[in-house]
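# Quick one: sequence plus predicted model below, questions after.
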Amino acid sequence: MTSAFGADEVRPGEIVLEHASRSFSIRADRGRTVKELLIGRSRSTGPPPVEALREVSLRIEPGETVGVVGRNGAGKSSTLRVLAGIVPLHSGRVAVGGQIVTQLELGAGFSRDFSGRENIFLNGALHGLSRAQIESRLDAIIEFSELGDFVEAPVATYSTGMFLRLGFAIAAHLDADVLLIDELLAVGDEAFQRKCEARMAEQIGAGATLVLVSHDPLLIERTCERVIVLDGGEKVFDGSVSEGMPFYHRLMGTEDAVASP
Amino acid sequence: MAYRYLFEQMVRRELRQKYKGSALGVVWYVVNPLVLMGAYYLMFGIVLKQAAEPDYPLFLLVGLVVWLFFSQAALGAAPALIEQGSLIRKARFPREVIPAAVVTVQLVTFLVLFGVLGPLTMLLRGTFDVALLLLPLILVCLLAFVLGFAFAVSVLHAYFRDVAPILSAALLPWFFLSPIFFDPNNIVEQQSAVFALEWINPMAPFIVAVRDVVYGGVVPEVAVLAYVLIAGGLVLGVGVWLFRRMQGELAVVV
């Protein structure tokens, strides 16, 4: 299994961010060329770096369900990528305990030429599982995905919904201590959405921590007890969903659009 | 150890992805070097035919398989992190498995070719000798060298996209300057030129060491063995160090 980074300081399922800051430079081509290196002219041209996270501190206890909301570009996805250990911080500290399972993008990490079944193995391996550990979950994953015989077909032939179902089915069966999910559920049909939410509830019941990024207020209200509102890379609200969502709607100027409960 | 199965998966992925859908599939990994070996044999063994070495085709081919292992692994590793960018951007796993998988595939290719060519050479030349006991050590050093080089070029290319083009441009002259077709002592007079050809090019001692054992049936010079040991350890060390140091931002740059 994955040994979590900073795991000596946190319990499984616990998440700590302290004064976390991270910026990204905006460039069309992301690599640097040797020419730039040699003549010393580098990232000075173009727009200034975007500060995706500014001094964000938060502590999430094992078993909490946390929704992260905010405008596009508020730092939600960056937060998830930092928590997932994919992108390092420029300053501050991050520690996440236990097995982290990420679902950051539809069909992320799928090989298009490979069958659904092969991709289950690849995805399991990416999360640090052994062959035996994946095999023991294989039937459950295939059943959950509702792919049937399509599991033997290359994923290049899949519809968006099938991508989503396979991706979520894998993520849902990796025994997560921490689930990091970036608004995916909206893509599936209603029945599958309910099924995913039920499965998430099951995992949370078993002690998993959930961090969910979504633009769907109803989904956040259904699944999360706590909500964190980000704006311009800063944490502007952290508290219960009942107070947080009205705050979010005021921030977005959408309070009239949502029927008050 | 946790990611051992991932490594296995990445090797399979590397093996299958490249020639997926082609009729010969994995066989291409062996066909390409064979064609190259045939072409160079034709050129230097038959058309030019100036070499003084006995059993020249074997002399040539033994050096060539060593070179091909190195060059193919380097060429494959350079763009590998970018090719696997979708995995790097979305999941946390030891990024080393990507270049390591490329090298492993080339290692298998090398061992297949070498496993045929080596015994054949020794049989035809009658060079079975206790020197053969050194071969595993030399090959481990070669692997360390190639792996370290692959780590370095793959992570450098992710940040500086000129690395792969520079590498592929450099490999051709590098190839001709390596003692694959010739023994430096037989083609130049000045000792300084011989020294340069034998020692400045880090691939030369590896080629010489393997050829001494397999083709010559002799123990390589101590200096060659020492060079191979140090170069293997040093390049692997530097490659791993560089990779660790630079891998943090990979999800951002690839």
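On my side now, so go ahead. Numbers count the residues shown, from 1 in each chain, chains lettered A, B, ... in the order given.

# Could you list the low-pLDDT ranges of the stretch 151-261 of chain A?
Applying pLDDT under 70 to the stretch 151-261 of chain A flags residues A:184-188, A:255-261.

# what do you get if the cut-off is 50, keeping everything else the same?
A:259-261 (pLDDT under 50).

# wait, doesn't A:Ala153 sit right on A:Arg117?
No. When contacts are counted by CB atoms under 8 Å, A:Ala153 is not listed as touching A:Arg117 (9.4 Å). In this view, the C-beta of every residue, glycine as well, is placed from N, C-alpha and C.

# The chain: strands as residue ranges?
With no chain named, the answer covers chain A. With DSSP state E as the criterion, chain A has strands at A:15-24, A:50-60, A:65-70, A:91-96, A:100-103, A:178-182, A:209-213, A:226-231, A:234-240.

# which residues of chain B fall in helices?
Under the criterion DSSP state H, helices of chain B are mapped to B:4-18, B:28-40, B:56-77, B:80-83, B:85-90, B:97-125, B:135-159, B:163-177, B:184-187, B:191-195, B:203-211, B:222-246, B:250-253.

# one step back: of A:Ala153 and A:Arg117, which one has the most company?
A:Arg117 (18 against 14; other CB atoms under 10 Å in any protein chain shown).

# For that one, which residues are in contact?
A:Leu138, A:Ile142, A:Val151, A:Glu152 (CB atoms under 8 Å, 6 or more residues apart in numbering or on different chains).

# Surely the third one and A:Glu118 touch.
No. The pair A:Val151 and A:Glu118 fails to qualify as a contact (CB under 8 Å) at a distance of 9.5 Å.

# Those residues of the stretch 151-254 of chain B touching chain A, which are they?
Within the stretch 151-254 of chain B, the positions near chain A by CB under 8 Å from any CB of the partner chain are B:158-163, B:166, B:248-249, B:251-254.

# go again using 6 Å as the cut-off
B:Tyr159, B:Phe160, B:Arg161, B:Asp162, B:Gly248, B:Ala251, B:Val253 (CB under 6 Å from any CB of the partner chain).

# Now list the buried members of those.
Burial by neighbour count, 16 or more other CB atoms under 10 Å in any protein chain shown: within those this picks out B:Tyr159, B:Phe160, B:Arg161, B:Asp162, B:Ala251, B:Val253.

# The second one bridge partners, please.
If I follow you right, that is B:Phe160. Beta bridges link B:Phe160 to A:Arg32, judged by DSSP bridges.

# Distance check, it against B:Ala91.
According to CB to CB, to the nearest Å, B:Phe160 and B:Ala91 sit 24 Å apart.

# same deal with A:Leu53?
Counting by CB to CB, the gap from A:Leu53 to B:Ala91 is 20 Å.

# So the two - more neighbours on which side?
Neighbours per residue, other CB under 10 Å: of A:Leu53 and B:Ala91, the larger number sits with A:Leu53, 28 against 23.

# what sits against that one?
A:Ala20, A:Ser21, A:Arg22, A:Gly75, A:Ser78, A:Gly233 (CB atoms under 6 Å, 6 or more residues apart in numbering or on different chains).

# now those in TSV, with distance to A:Leu212?
Converted to TSV, the contacts of A:Leu53 look like this (distance: CB to CB, whole Å):
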residue	distance to A:Leu212
A:Ala20	19
A:Ser21	23
A:Arg22	20
A:Gly75	15
A:Ser78	15
A:Gly233	19
